[in-house]
Each structure stands twice: as structure tokens, then as C-alpha cells.
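> What shape does this take:
(one chain, ligands or ions: 1)
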Amino acid sequence: MGPDPQYDAFADEFLEHARDGLFNAHYDRPACLDLLGDVAGRTVLDAACGPGLYAEELVARGARVTGFDHSPRMVELCRQRVPSGEFRVHDLADPLGWLPDDSVDLVVFALALEYVDDRVSALRELRRVLRPGGALVLSRPHPTGDWLRHGGSYFDVRVIEEVWSKGWRLRYWLAPLERTCEELRAAGFLLERLLEPRPRPEAADLHREDYQRLCREPTGFLALRAVPDPRR
Ligand SMILES: C[S@@+](CC[C@H](N)C(=O)[O-])C[C@H]1O[C@@H](n2cnc3c(N)ncnc32)[C@H](O)[C@@H]1O
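Numbers count the residues shown, from 1 in each chain. Below you'll find the model as predicted:
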């Protein structure tokens, strides 16, 4: 998506939106946190950590958290939110040179794969730093929802641009589910679980229309857990 961090201009607004909003607080984060399981005493890498909403919850659950994001403002917000963590500005296009092989127990990579051009190389780096027995938990927009919004061929891998309701202009990759599975395989992962999450019931009265839509349509996100393939 190029060298400019797309989220930098609206990082503070993203924090406001994602802290308590339906899509992040009651839908994506609960699904990924469930897939991560017990994190107490574990070292977790928060890849594309955003403003630290995952990191905050992981630390509250007893994890040691290190993370990075392409956007300097996101990293600033993350450091403010989670002083005990270690966060740096880093582009997933580059190798994670500061992290040794087999140095983290878990990686969470929420809602950012779609911004990466060379996804196999980025995933391979996450695989490299994961300890054997560790796991990667990843979420991405549901490809069916992407296709319903953008039409054309479901199977085409292409970049689209959207303007979200808050006026945020974002470019990201559309890719069918098969492609994401293939990219994980090429990077040395085995898919362990795949969830098509439903929003948490406590959000039903907060955001009635979107809540009901996400309960019946695959137009939100999906979440998966993958483990390093021991044969590779
Ligand atoms: C939708 S936000 C998700 C943030 C966080 N993972 C969460 O779920 O709260 C996407 C994040 O990916 C980051 N990002 C996008 N492209 C990136 C890249 N190439 N390298 C690192 N981070 C990137 C953005 O700066 C932004 O913080």
C-alpha cells in the first residue's frame, strides 16, 4: 500500500471508534481473544497493534506484550495506553530484524493483513519469530462481504479503495478465502481453526441494525488460528 501509513491521519479517531464500537469491541476482539486462549505469562507479539486496544486487554490478562505498527501516531497512542509494553514503528513490508527466531509464544495480527502487499513474506516473518507450539491469531474482512460490496469476480486478488462512514479513505487488498489459506500455507502455517464470528449479545441494544445484520450475514470479519507447520 506504499510507504505512507494510511491510518496516521485518523489514528485518534480510530481509537475512539474501536474502543467501544460494535465491530471492534463486540465482534473482532472477542473472537481473536477467544482464539488466543490463556495468555497469562505468555509473550505476545501484537502485529499492527493500532492504538493498543488488544495490547491493553492482553496485559490485563497477564501477558507480556510487544508490538509494532506502521503509523507513528498509533504507536504513540499504544505506548500511552500500555506503558508496560514495548512498541515500535515498523512496516510489515520489512523483516522483523529486532526479534530473534522462536522468541514469542503468540502473535495477534488483527485487521491488517489486507493492507500488506507481500503477505507471504510478512507471514513468514511472523512464523519465524513464533516458538514451536505457538500460534498466530489473525482476523481480516470477510471475503464474502468484500465481494458483495465490490462485485466483479470473487476470485480476483485486487486493490480497492473505500471511504468509510467517518470519511476515512482506505486502500486494501481483496482476496478470496482460498488465497488467505494458501498464503498461510506458503508461509509455513497450518490452519487450526476458522471462525465466522457473531457479535456479542451485549451489543444488541447498542447498535441494533448492524448487530442484527452481522448475526445473519457474512459481511463483517473472519478470524483464524494457525500454528507453525512442524514439517517446515
Ligand atoms: C484496522 S487497524 C487495526 C489495529 C489493531 N490491530 C486493532 O485491531 O485494534 C489496522 C492497523 O494496521 C496498521 N497497518 C497497516 N499497514 C501496515 C503495515 N504495512 N505495517 C504495519 N502496520 C500496518 C495500521 O496503521 C493500523 O493501525
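> what's the closest residue to the ligand within the chain in contact with, if anything?
Minimum separation of the chain from the ligand (C-beta to the nearest ligand atom) falls at residue 50, amounting to 2.6 Å. For glycine as for every other residue, the C-beta is placed from the backbone atoms N, C-alpha and C. Shown in contact with residue 50 (C-beta atoms under 8 Å, 6 or more residues apart in numbering): 7, 11, 14, 15, 18, 69, 74, 77, 78, 110, 112.
> and it, what are its phi and psi?
Per-residue torsions, residue 50: phi 60, psi -150 (degrees, to the nearest 10).
> Strand partners (parallel or antiparallel) of the longest strand along the chain?
Criterion DSSP state E: the longest strand present in the chain is strand 130-141. Strands that pair with strand 130-141, judged by DSSP bridges, come out as strand 104-110 (parallel), strand 221-228 (antiparallel).
> So the last one, near the ligand or not?
No: no part of strand 221-228 sits near the ligand under the criterion C-beta under 6 Å from any ligand atom; the closest distance found is 9.6 Å.
> Residues contacting that strand, please?
23, 27-28, 31-32, 35-36, 111, 127, 130, 132-143, 177, 180, 184, 188-197.
> Could you check how far it is from the centre of its chain?
Chain-centre distance of strand 221-228: 10 Å, with C-alpha atoms, centre = their mean, to the nearest Å.
> quick one: the helices in the chain?
11-20, 22-23, 29-36, 53-60, 72-81, 119-129, 143-150, 177-186, 208-216 (DSSP state H).
> Buried residues in the fourth one, which are they?
Spelled out, it's helix 53-60. 53, 54, 55, 56, 57, 58, 59 (16 or more other C-beta atoms under 10 Å).
> near the ligand, which of those residues show up?
Answer for the buried residues of helix 53-60 near the ligand (C-beta under 6 Å from any ligand atom): 53, 54.
> any chance of the buried residues of helix 53-60 in JSON lines, plus pLDDT?
Output for these, formatted as JSON lines (pLDDT from 0 to 100):
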{"residue": "53", "pLDDT": "98"}
{"residue": "54", "pLDDT": "98"}
{"residue": "55", "pLDDT": "98"}
{"residue": "56", "pLDDT": "98"}
{"residue": "57", "pLDDT": "98"}
{"residue": "58", "pLDDT": "98"}
{"residue": "59", "pLDDT": "98"}
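> And the furthest pair within the buried residues of helix 53-60?
By the measure C-beta to C-beta, the buried residues of helix 53-60 have their two most distant members at 53 and 59, which lie 11.3 Å apart.
> For residue 124, see how far away residue 188 is.
Distance of residue 188 to residue 124, given as C-beta to C-beta, to the nearest Å: 6 Å.
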